[in-house]
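Engineer: A structural model of the following input is requested.
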Amino acid sequence: MSETARYKYPLKLPASLKETATRLAKEDGVSLNHWIATAVAQKVGAVESAQALFDRRAAKAHPGAWTRYLDAAPNTVPVDGDELPED
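Structural biologist: Numbering: from 1, shown residues only. Reported below is the predicted structural model:
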């Protein structure tokens, strides 16, 4: 979808959320439609940015490198309440 193409979507919001969004749009001096579109764009950007960050971090990971931390941990009995459940 190009940035100039527009699509209609029947959005159903709880009344309280619509009232708050309407108030915030008015405070920003924009239409409710513009405010909601901007809010959705911000959320999409945040999710995509987070995914890109996770992907970059995963690409740098060395499988099995974390096992050195487990190997260094003492082999002790778990503290009370931290035991694995018995099957």
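Engineer: and the gap between the residue most central in space within the chain and Val30?
Structural biologist: Closest to where the C-alpha atoms of the chain average out (CA atoms, centre = their mean) is Val47, at 5.1 Å. Using CB to CB, to the nearest Å, Val47 is found at 23 Å from Val30. Where you see a C-beta, it was placed from the backbone N, CA and C, and this is true even at glycine.
Engineer: and what of Pro78?
Structural biologist: Using CB to CB, Pro78 is found at 56 Å from Val30.
Engineer: please apply the same query to Ala61.
Structural biologist: 42 Å.
Engineer: show me which of those two is the more surrounded one.
Structural biologist: Neighbour count, other CB atoms under 10 Å: between Ala61 and Val30, Val30 has more, with 14 against 9.
Engineer: let me know the pLDDT of the residue nearest to that one when sequence neighbours are not counted.
Structural biologist: Sequence neighbours aside, Thr38 is the residue nearest to Val30 in space, at 7.6 Å (criterion: CB to CB, 6 or more residues apart in numbering). What the model reports as pLDDT for Thr38 is 97.
Engineer: then Ala59?
Structural biologist: Reading off the model, Ala59 has pLDDT 92.
Engineer: likewise the one 5 residues further on?
Structural biologist: You'll see Gly64 listed with a pLDDT of 84.
Engineer: could you do the one 10 residues further on as well?
Structural biologist: For Pro74, the model assigns a pLDDT of 90.
Engineer: quick one: it from Lys26, how far?
Structural biologist: 61 Å.
Engineer: these two: which is more packed in?
Structural biologist: Lys26 (12 against 4).
Engineer: and that one, what element?
Structural biologist: helix 15-28 (DSSP states H and E).
Engineer: from Ser49, how far off is Asp43?
Structural biologist: Not quite, residue 43 is Lys, not Asp. 11 Å.
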